[in-house]
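Undergrad: here is the input, now give the coordinates:
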Amino acid sequence: MLTVGNVGDKAITTIEKIGDTPAGAKAQKAWLDLEVVQCGYCQSGQIMSAAALLASTPQPTDEDIDAAMAGNICRCGTYVRIRAAIKRAAQG
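TA: Residues are numbered from 1 along each chain as shown. The predicted structure is shown next:
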């Protein structure tokens with residue numbers, strides 16, 4: 001986590017605009033295709049983390065996914081669908 005004051009002049013992408021990025025659009029499409037969302041409580045964070053992972057590592061391994069998603073807790077336990085969606089998004 002980072003405070004706004006520490007961002008400086010860098011651009012910030014929010015969940016509302018993540019779909020405008022290539023990785024974010026792929027993640028959002030995969031989330032919808034695989035019906036990942038159950039309650040939705042954690043999904044903004046999940047999608048943001050997945051998009052950041054895909055932007056930096058277009059073909060992530062299971063270990064990459066585990067490391068990137070470790071800070072997000074899903075109270076509904078949709079981890080299997082989240083992993084599947086990330087892998088689908090990586091396929092294009």
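
Undergrad: and the closest residue to G71 other than its chain neighbours, which of the three is it?
TA: Excluding its sequence neighbours, the residue lying closest to G71 (CB to CB, 6 or more residues apart in numbering) is S49, at 7.1 Å. Quick note: C-beta positions are derived from backbone N, CA and C, even for glycine. Here S49 is helix, with the state taken from DSSP: H, G, I helix; E, B strand; the rest coil.

Undergrad: just to check, S49 is in contact with A67?
TA: No: contact status for S49 versus A67: not in contact, 10.2 Å apart, counting by CB atoms under 8 Å.

Undergrad: more neighbours: which of those two?
TA: With neighbours defined as other CB atoms under 10 Å, S49 and A67 compare such that S49 has more, 20 against 13.

Undergrad: show the contacting residues for the more buried one.
TA: A68, M69, G71, N72 (CB atoms under 8 Å, 6 or more residues apart in numbering).

Undergrad: ditto for I86
TA: Here I86 is in contact with A27, A30, A50, L53, L54, P60, I65, M69 (CB under 8 Å, 6+ apart).

Undergrad: give me phi/psi at it?
TA: With angles defined as degrees, to the nearest 10, I86 sits at phi -60, psi -40.

Undergrad: now do the same for it: its pLDDT.
TA: Confidence at I86, expressed as pLDDT, is 98.

Undergrad: quick check: it vs I12, distance?
TA: 22 Å (CB to CB, to the nearest Å).

Undergrad: got it, and I73?
TA: Counting by CB to CB, the gap from I73 to I12 is 23 Å.

Undergrad: got it, and L34?
TA: Computed as CB to CB, the L34 to I12 distance reads 28 Å.

Undergrad: kindly report the same for R75.
TA: 27 Å.
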